[in-house]
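> any chance you could fold what I've pasted below:
(2 chains)
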2 protein chains.
Amino acid sequence: MSETWLDQVAWDAAGLVAAIAQDAASGKLLMMAWMNREALAETARTGRAVYWSRSRAKLWRKGEESGHEQKVRGIRLDCDGDVVVLEVEQVGGIACHTGHGRCFFRKLENGVWVETEPVIRPPGEIYNPGR
Amino acid sequence: MSETWLDQVAWDAAGLVAAIAQDAASGKLLMMAWMNREALAETARTGRAVYWSRSRAKLWRKGEESGHEQKVRGIRLDCDGDVVVLEVEQVGGIACHTGHGRCFFRKLENGVWVETEPVIRPPGEIYNPGR
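Have a look, this model is predicted:
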């Protein structure tokens, strides 16, 4: 298959593009991460979200430790080509490593960030291999 | 008012945070841009979205030229503190400078980016001061 579509992404100086994951059914915004060319290509090929972990400097197959994979139902690109949106089905209903349903669980209320959404499963249970 | 909430944002090396705008009513993802501290402070104070234009290196009061302001109904922060979500009411129903309703009007279909959403109003009409 031609890789023209990958060339049309406006990769930044580090070879990355911002990637936003949105729940395909509810429309909820789940998380934002980064992808390099390999991550986006694999995501499109396999239908499973793969990001580039900047802190670990390696491919991050979402759910590889937690089991909370993202099944990709659609991939969108913005007008400037430097932001990708993944429309996903979030396995387990938990996108965030904190155990919240999504990373955007804090809301500004009267000058304070308030947790408005619960922890669905404690991280100790998610990442404990003896679970 | 205390600015503790601004200190809790994980500003990057350039002093910026990623900012995603989502339609508060429909849940549609509209655009992604960047904010510096001043932009986020003004957004929270005025209830109108203000970004930092990296290309023009100045504050960008969304809608200042197009009239397509964003009225902010909620501000969220992610787990790492380096992504902000604005839940907005998009004035005019057009978030993108291309005249599309939102910047994510292209979708990957069989290895090609396809425009799946229409131009609502041509840019020539939006930005022409003689309109």
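
> just the CA coordinates for stretch A:94-114, please, in CSV.
Backbone C-alpha positions of stretch A:94-114 (Å, rounded to 0.1, in the frame of the first residue of the first chain) are rendered in CSV as follows:
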residue,chain,number,x,y,z
ILE,A,94,-10.3,2.9,31.5
ALA,A,95,-7.9,5.0,29.4
CYS,A,96,-5.8,6.5,32.2
HIS,A,97,-2.9,5.0,34.1
THR,A,98,-4.5,6.5,37.3
GLY,A,99,-7.4,4.1,36.9
HIS,A,100,-9.8,6.9,35.9
GLY,A,101,-11.9,6.4,32.9
ARG,A,102,-10.0,9.1,31.1
CYS,A,103,-7.1,11.4,31.7
PHE,A,104,-9.3,14.5,31.8
PHE,A,105,-10.8,13.8,35.2
ARG,A,106,-10.0,17.3,36.7
LYS,A,107,-12.0,20.4,36.1
LEU,A,108,-11.4,24.0,37.1
GLU,A,109,-13.9,25.1,39.6
ASN,A,110,-13.5,28.5,41.3
GLY,A,111,-9.8,28.5,40.7
VAL,A,112,-9.2,25.0,41.9
TRP,A,113,-8.6,21.7,39.9
VAL,A,114,-11.3,19.4,41.2
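
> residues in contact with it?
The set of residues external to stretch A:94-114 that reach it, using Cβ atoms under 8 Å, 6 or more residues apart in numbering or on different chains, is A:21, A:23, A:28-32, A:66, A:68, A:70, A:90, A:93, A:115-123, A:125-127, B:1-2, B:4-5, B:8, B:44, B:74-80, B:83, B:85. (Glycine included, C-beta is placed from N, CA and C.)

> for that stretch, buried residues please.
Judged by neighbour count using 16 or more other Cβ atoms under 10 Å in any protein chain shown, the buried positions of stretch A:94-114 are A:94-108, A:113.

> next step: these restricted to strands.
When DSSP state E defines the strands, the subset of the buried residues of stretch A:94-114 inside them is A:106, A:107, A:108, A:113.

> having no further points to raise, I will conclude here.
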